[in-house]
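Enquirer: Compute the structure for the input listed below.
(chains A and B)
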Protein chains: 2
Amino acid sequence: MQALPGFRDFLPDDCAARNYIFSRWREVARRYGFVEWDGPILEPTELYKKKSGAEIVDQLFNFADKGEREVALRPELTPTLARVIAAHEREFKKPLKWFSIGRFFRHEKQQRGRLREHFQLNCDIVGETALAADIELVALCIDVLRAFGLTEKDVVVRISDREFWTDFLQQKAVPSDRWDELLQVIDKSGRESPENTRAKLGKLADPVFAILRGTKSEKLERLVDGLRALGLADFVTVDVGIVRGLAYYTGIVFEVFDRAGKLRAIAGGGRYDNLIGQLSDGAVSMPALGFAMGDVVLGEMIHEHGKAREKMQQAITADRKIDIYIVIAKEERRSDALTYAQQLRDRGYRVDYPLASAKVARQFQTAEQLSAQLAVLFGDEWPQVAVKDLATGEQELILNQELLAYLARSLSLSS
Amino acid sequence: MQALPGFRDFLPDDCAARNYIFSRWREVARRYGFVEWDGPILEPTELYKKKSGAEIVDQLFNFADKGEREVALRPELTPTLARVIAAHEREFKKPLKWFSIGRFFRHEKQQRGRLREHFQLNCDIVGETALAADIELVALCIDVLRAFGLTEKDVVVRISDREFWTDFLQQKAVPSDRWDELLQVIDKSGRESPENTRAKLGKLADPVFAILRGTKSEKLERLVDGLRALGLADFVTVDVGIVRGLAYYTGIVFEVFDRAGKLRAIAGGGRYDNLIGQLSDGAVSMPALGFAMGDVVLGEMIHEHGKAREKMQQAITADRKIDIYIVIAKEERRSDALTYAQQLRDRGYRVDYPLASAKVARQFQTAEQLSAQLAVLFGDEWPQVAVKDLATGEQELILNQELLAYLARSLSLSS
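Expert: Presented below is the predicted three-dimensional model:
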């Protein structure tokens, strides 16, 4: 029996890599003053049918539960955020800066960088229309990537403004029920042949291509200036061809790619100033913006960049280390050994020992495999115990009553 | 729109409490040398139909996905562990000490301490038959509770041995297809009237009641002796009436309750030496044992015990604090302020600032609400900035070029 296709088992090494990603995500979001929140993994299907757009709804893991409720595994977090904000916004001072780390699900064809179950960091700012919020959000997204050791040579943030296009469609008197479809065509234009795009755009083709060839947006320039003050402008390119697939974006939108162009988008987001109002049927109107970053493409990115990979490996190794391995050379010392194991664990040390009797050499081998810093041997020398530094090989005999004080000294010195 | 019944939204305070529980779980498991792993949230339904027992299967969130696979949201982790171990056991030296923290789902009637989506810590030892493994596991379970500030006055671990009962049923020549049913009756006997239990047990009633009134088990006594060496015996009571609902247990089983007897079980577990073999159709035979602890009853327990509640509150407050709030008194200083915000965040400080212009008094109010340690004011005094310690109220004017060095000194002194 295996995991379902598109779902992953996380063996200890995989889990450590995942935890490394989570802890960097969490650390940088907190540096920016974001606070963590979360929602359920299962939501009413209706929450996504209302606003997420056709592609997401087609790929839902949805079903009727035993109480005949129509439910779905969450494909994205923004509708949950809008639901929660609409219900609780009065409890919080605006703007809110919230982040969340969790699992998301899409029933789509398996392909590189796309799984059916994956993890995302979501960061959102709610209740602020000022462009300073867009700058803060894009800067956070960039700094999260920097925390993994990725640089402006490795990744690029393509920034656009959907308002720019909706203004254009309004100007051209395009009926609003065609906007979603046309925005999708513009969004895909970079990956399609110009002929195909032309055919789909009809009369709009010429003006759209003129804009794509190079139009200035004062708002986007101010955004880039803001990022320049932070020293982050080299990560950013204005690319009005970016529109984003999700239907609810209303303003600045952005996507992050590897410079080499080999991978899918690493992250993406933007403003969705109307979504909270729409989901609450107008009860709560609240500007908002956010981005999501998935663990799968990011993981591929880390693996392909030597420095980032090394940084991850070091963090994983350091995190896995145990402090003390207790070698039980004589079974009649097991009870004494366990008493000390307990006292050391109580003081916060990571301690392991053999659960069954084993040869001393084999126990030392285990201690090495667990990257223990020290081994403490309980055996013939009792009431003395032997403390061995596994890095230097130095060994010392001490009275067992002095063990705790001795270890407090030697472990604090070496860490 | 609300969350589905039995599902929770985690607003920042709830999420901080949840993260506090997770971090204590993780910390203590690591002190015991356990390493983290995880599986998918969705599994083939068959995985649970095979071995989890009727109650769990009745409460599955299960459905056919868009590829017509029968799938289920995981109700428990042990079948996934057995699946993963059967596939990968050769890659690891035994015994394995693995833990996992994640979401689980049961479609059951909502009641106190039971939700449809909850979180569990799972800790398992795989590949060791020695009783030392049972001792290690129960000790870990107790130490996890101690890490929350709970004592032997607050919680009790009821320990039993299912083998004891299966030996008995074998002795009495009860056909094995009736064992599950009879074990359930024995398990529930503490909560049922003796008459009901008698009626259900029939001829077996007298010997069963004789055993429940007090029978010694040499294995259980050795287990308690082992815990005594660790100073943990006061947490433990032998209670052969505990059998556990899950069908796959084969040896030592235990459940943790509040001493006051007001809450459901906080944790439970035991040995399941045959499960891995059964799930792998005999390909891999491997003794194993583990326990699970849910976040819901544990959370109630923490809230009902002053010391534990206070400990949690302190951790949450400390964790949420930001280091520096930047007050922008003049909008023309925003760009300078942001440049410093970026540099401070780059050095690992938690920094926030206003996204829109606001009165200085209101900004200081925000700084207090965010529990910032210091406020740095960018305004008329430029090129000097004012650094204010928000605890003492002390304020100092310094040249902006000296800010980073100054903060490095004052923040390292106070933390």
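
Enquirer: Run through the stretch 1-150 of chain A and note the low-pLDDT ranges.
Expert: A:52-53 (pLDDT under 70).

Enquirer: Break down it into its strands, ranges please.
Expert: Remark: strands assigned in the stretch 1-150 of chain A by DSSP state E, counting those that start in this stretch are A:35-36, A:42-44, A:62-64, A:70-73, A:96-105, A:117-126.

Enquirer: ok, the first one: who's next to it in the sheet?
Expert: Within its sheet, and counting by DSSP bridges, strand A:35-36 is paired with strand A:96-105 (parallel).

Enquirer: could I have the strand it pairs with exported to PDB, CA atoms only?
Expert: The C-alpha trace of strand A:96-105 is given here as PDB (Å, rounded to 0.1, in the frame of the first residue of the first chain):
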ATOM      1  CA  LEU A  96      -4.300  43.300  10.300                       C
ATOM      2  CA  LYS A  97      -1.100  41.600   9.300                       C
ATOM      3  CA  TRP A  98      -1.800  37.900   9.400                       C
ATOM      4  CA  PHE A  99       0.000  34.800   8.200                       C
ATOM      5  CA  SER A 100      -0.800  31.100   8.100                       C
ATOM      6  CA  ILE A 101       1.000  27.900   7.300                       C
ATOM      7  CA  GLY A 102      -1.000  24.800   6.300                       C
ATOM      8  CA  ARG A 103      -2.100  22.100   3.800                       C
ATOM      9  CA  PHE A 104      -4.000  22.700   0.600                       C
ATOM     10  CA  PHE A 105      -5.500  20.400  -1.900                       C
END
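
Enquirer: List the contacts of the nearest residue to A:Val174 once chain neighbours are set aside.
Expert: Using Cβ to Cβ, 6 or more residues apart in numbering or on different chains and skipping the chain neighbours, the partner closest in space to A:Val174 is A:Leu182 (6.7 Å). (C-beta placed from N, C-alpha, C; glycine too.) The contact partners of A:Leu182, by Cβ atoms under 8 Å, 6 or more residues apart in numbering or on different chains, come to A:Leu169, A:Val174, A:Leu201, A:Leu204.

Enquirer: Closest to A:Thr129 out of the residues you listed?
Expert: A:Leu169 (21.9 Å; Cβ to Cβ).

Enquirer: Counting by contacts, list what the one helix or strand that closest one maps to packs against.
Expert: Using DSSP states H and E, A:Leu169 sits within helix A:162-171. With contacts taken as 3 or more Cβ pairs under 8 Å, 6 or more residues apart in numbering or on different chains; DSSP states H and E, helix A:162-171 sits against helix A:179-188, helix A:205-212, helix A:218-229.

Enquirer: packing partners for the longest helix anywhere in chain A?
Expert: Taking DSSP state H as the criterion, chain A has its longest helix at helix A:12-31. Helix A:12-31 sits against strand A:96-105, strand A:117-126, helix A:131-147, helix A:295-304, helix A:306-320, strand B:35-36, with contacts defined as 3+ Cβ pairs under 8 Å, 6+ apart.

Enquirer: right, so of those, which gets closest to B:Thr78?
Expert: Closest among the helices and strands packed on helix A:12-31, using Cβ to Cβ: strand B:35-36, at 16.3 Å.

Enquirer: roughly how far is that closest one from the heart of the chain?
Expert: 13 Å (Cα atoms, centre = their mean, to the nearest Å).

Enquirer: got it, and stretch A:138-153?
Expert: 12 Å.

Enquirer: again with stretch A:79-91
Expert: For stretch A:79-91, the distance to the chain centre is 22 Å (Cα atoms, centre = their mean).

Enquirer: Are it and chain B in contact anywhere?
Expert: Yes - shown here: stretch A:79-91 in contact with chain B (Cβ under 8 Å from any Cβ of the partner chain) through A:Thr80, A:Arg83, A:Val84, A:Ala86, A:Ala87, A:His88, A:Glu91.

Enquirer: what two of those are the furthest from one another?
Expert: Spatially, the most separated pair among the residues of stretch A:79-91 next to chain B is A:Thr80 and A:Glu91, at 16.7 Å (Cβ to Cβ).
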